[in-house]
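Enquirer: Give me coordinates for this.
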Amino acid sequence: MPGGWCRVPASAAARPAARPVMGRDQSKAADLAKALGGGATTGEWGTAPAGDIVIVALLHDGVVPAIAQYGATLAGKVLVDISNPFNSTFDGLAHREETSIAQEVAKAAPASASVVKAFNTIFRHVLEKGRPDVFIAGDNAQAKASVEAFIDSLGLRPLDVGGLKMAHWLEGAGVVTVGLANHGVGNLDFALSITELPV
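Expert: Numbers count the residues shown, from 1 in each chain. Modelled structure (predicted):
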């Protein structure tokens, strides 16, 4: 889940243009850049991020402050929020009202930026070793198409669940995933997916 989902195999990560890896902890950013391979480099925290798609891989309480800090440098970019705002017991959301971290990001980001919720229902090691479905939500069709193309480039299947208000329910699905890991499934070696009946 958030904080390490992008440690995909280097061969897959290299398909999109290489991007700087930036984090508050420079040593962790350097470690991730090395793990990604494919020309990934370490960027400096606080500098304008390169590329059209910015993956916000932070714990939920750090996402909106980071967006505010980067401010105008995010204008025109697609911001992908992968966070899960779990409560302290991991059986509910930290926020009670019908909002989401992604919706709060949209409020804090420049008006020309677009926000997409994605990847939050997938455990990191499942993404590294498997080919899970990736649920996405967002209001801008072009932004979602860009994120879908990125997901396709990783050999994964993107599945659009609707507008950005659906991010609230994707965060709820993250809670369900943790509940399944603790109870019904009993381990972390799975992902939520869609099974289609044969026509």
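Enquirer: Quick check: Ala66 is in a helix.
Expert: Yes: assigned with DSSP: H, G, I helix; E, B strand; the rest coil, Ala66 falls within a helix.
Enquirer: For it, which non-adjacent residue is spatially closest?
Expert: Leu58 (5.8 Å; Cβ to Cβ, 6 or more residues apart in numbering). For every residue, glycine as well, the C-beta is placed using N, CA and C.
Enquirer: Next, count neighbours for that neighbour.
Expert: 20 (other Cβ atoms under 10 Å).
Enquirer: what about it, distance to Ile82?
Expert: Counting by Cβ to Cβ, to the nearest Å, the gap from Leu58 to Ile82 is 9 Å.
Enquirer: Kindly report the same for Thr89.
Expert: Thr89 is 22 Å from Ile82, by Cβ to Cβ.
Enquirer: For those two, indicate the residue with more neighbours.
Expert: Each of Thr89 and Ile82 has its neighbours counted (other Cβ under 10 Å); Ile82 has more, 26 against 6.
Enquirer: Asn120 is in contact with that one, correct?
Expert: Yes: under the contact definition of Cβ atoms under 8 Å, Ile82 touches Asn120, with a separation of 5.2 Å.
Enquirer: Tell me the secondary structure at Ile136.
Expert: From three-state DSSP, the assignment for Ile136 is strand.
Enquirer: Give me the spatial nearest neighbour of it, chain neighbours excluded.
Expert: Nearest to Ile136 is Ala118, by Cβ to Cβ, 6+ apart, at 4.3 Å.
Enquirer: which phi and psi does the one you found have?
Expert: phi -160, psi 160 (degrees, to the nearest 10).
Enquirer: Also Val80?
Expert: Phi and psi for Val80, reported as degrees, to the nearest 10, are phi -100, psi 110.
Enquirer: Next, the buried residues of whichever strand or helix holds Glu128.
Expert: Per DSSP states H and E, Glu128 falls inside helix 124-129. By neighbour count with 16 or more other Cβ atoms under 10 Å, helix 124-129 contains the buried residues Arg124, Val126, Leu127, Glu128.
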